[in-house]
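A.B. asks: Predicted coordinates and the sequence they were generated for:
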Amino acid sequence: MAILIDETKKVLIQGITGREGMARAQLMMDYGTKVVAGCTPGRGGQDVLGVKVYDAVEEAVEAEGGIDVSVIFVPAPLVKGAALEAIDAGVKLLVLVPDRVPIYDVLEISRAAKRTGARFLGPNTLGCLSVGRAVLGMMGGRAATAKSWFKKGNVGVTSRSGGITSATAYYLSQAGVGLTSIVHVGGDAVVGLPHPEIVRMFQDDPETEAIVMFGEIGTSQEEQVAELIARKIVTKPLVAYIGGKAARKGTRFSHAGAIVEGDRGTHEGKVEALRRAGATVVDSFNDLPAATLRILKRTAA
């Protein structure tokens, strides 16, 4: 199994006729993703990389007999409209790739998703990848890179940093740690599927035996994961690294989602909460592969 995406899911790309949408469509298709349609208003009837383009999401859903996932590559001010259109058409998983999406737009998307039972990854996300099966978004850059970098196995990766998501998966794979799925939850303060939700998915995935999490200062995502472990809702071993140790309170670190406000979201608080709950927290990013290998050997014994 895999979380969020596999080779059976029917995928729509909103904004497929744009430069970014076209390039990432190529990546997804070459990796094995089942891209069945594109959508760009006013471009209906065109063909991009052998994929038919529709004017509206509802048209694509009707023509293709349903769509499982929509990956959105449109300018930030247009994300809300595109997302709401997909949700209204019955799409149950959205990947919001663009950054700088207004927070009030994200909140409106969130309300619509909750009302219809839909979910969304991002915004400001590279997407997700299930190793050897399919990819949504831009994980790995090119299919050849993604295929050579990431080794299939039994460890799930969740990260709040785009570049570090791929780096974490790459260095784990180089050390001999195989992976199930790799998820970039998104770098903004409000995201659709934060760490706690992804960790729960890995907990329920029978192929995932351990979880690696790259966390950061700001928000309470990592503290919420610690609570899930403490309450034994998540029982699989979790190895974490928390970035931003040197950042001062009230400063912005890396991106919008990593801001320390008073005593909330601090590096020290996150590390303490995770360790107290029973997670393994490493002091250096470079220690993640070795710590993960030790955990896997311990669980296999």
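C.D. replies: Nice, thanks for sending it over.
A.B. asks: how does the protein divide into domains?
C.D. replies: Each structural domain of the chain that the record assigns through automatic domain parsing is listed here as a residue range: 10-121, 150-300.
A.B. asks: Just give me the lowest mean pLDDT stretch among those domains.
C.D. replies: Of all the domains of the chain, the segment with the smallest mean pLDDT is domain 150-300, scoring a mean of 91.
A.B. asks: gap between the two ends of it?
C.D. replies: End-to-end distance of domain 150-300 (CA to CA, to the nearest Å): 22 Å.
A.B. asks: Report the distance from it to the chain centre.
C.D. replies: Relative to the centre of its chain, domain 150-300 is centred 12 Å away, using CA atoms, centre = their mean, to the nearest Å.
A.B. asks: The helix or strand hosting residue 156 pairs with which strands, parallel or anti?
C.D. replies: Taking DSSP states H and E as the criterion, residue 156 maps to strand 152-159. If you go by DSSP bridges, strand 152-159 pairs up with strand 179-184 (parallel), strand 210-216 (parallel).
A.B. asks: on that earlier part again, switch the domains of the chain over to CSV; also include mean neighbour count and distance to residue 2.
C.D. replies: Bear in mind the C-beta positions are built from the backbone N, C-alpha and C, glycine included. Formatted as CSV, the domains of the chain follow (neighbours: other CB atoms under 10 Å; distance: least, CB to CB, whole Å):
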stretch, mean neighbour count, distance to residue 2
domain 10-121, 19, 12
domain 150-300, 20, 5
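A.B. asks: then stretch 46-54 to PDB, C-alphas only?
C.D. replies: Only the C-alpha atoms of stretch 46-54 are listed here, as PDB (Å, rounded to 0.1, in the frame of the first residue of the first chain):
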ATOM      1  CA  GLN A  46      -6.400  21.000 -26.700                       C
ATOM      2  CA  ASP A  47      -3.900  18.200 -26.100                       C
ATOM      3  CA  VAL A  48      -0.900  18.400 -23.800                       C
ATOM      4  CA  LEU A  49       1.500  15.500 -23.800                       C
ATOM      5  CA  GLY A  50      -1.300  13.200 -25.000                       C
ATOM      6  CA  VAL A  51      -3.600  14.400 -22.200                       C
ATOM      7  CA  LYS A  52      -6.900  16.000 -23.200                       C
ATOM      8  CA  VAL A  53      -7.600  19.500 -21.800                       C
ATOM      9  CA  TYR A  54     -11.000  20.600 -20.600                       C
END
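A.B. asks: can you list contacts of that stretch?
C.D. replies: By CB atoms under 8 Å, 6 or more residues apart in numbering, the surrounding residues in contact with stretch 46-54 are 13, 16-17, 22, 25-26, 29, 35-40, 43-45, 60, 63.
A.B. asks: what do you get if the cut-off is 6 Å, keeping everything else the same?
C.D. replies: Contacts to stretch 46-54, defined as CB atoms under 6 Å, 6 or more residues apart in numbering, come from residues 16, 17, 22, 25, 35, 37, 38, 39, 40, 43, 44, 60.
A.B. asks: who touches the last one in this structure?
C.D. replies: When you say that, I think you mean residue 60. 12, 37, 39, 54.
A.B. asks: That one in helix, strand or coil?
C.D. replies: Residue 60 carries the three-state label helix when classified by DSSP: H, G, I helix; E, B strand; the rest coil.
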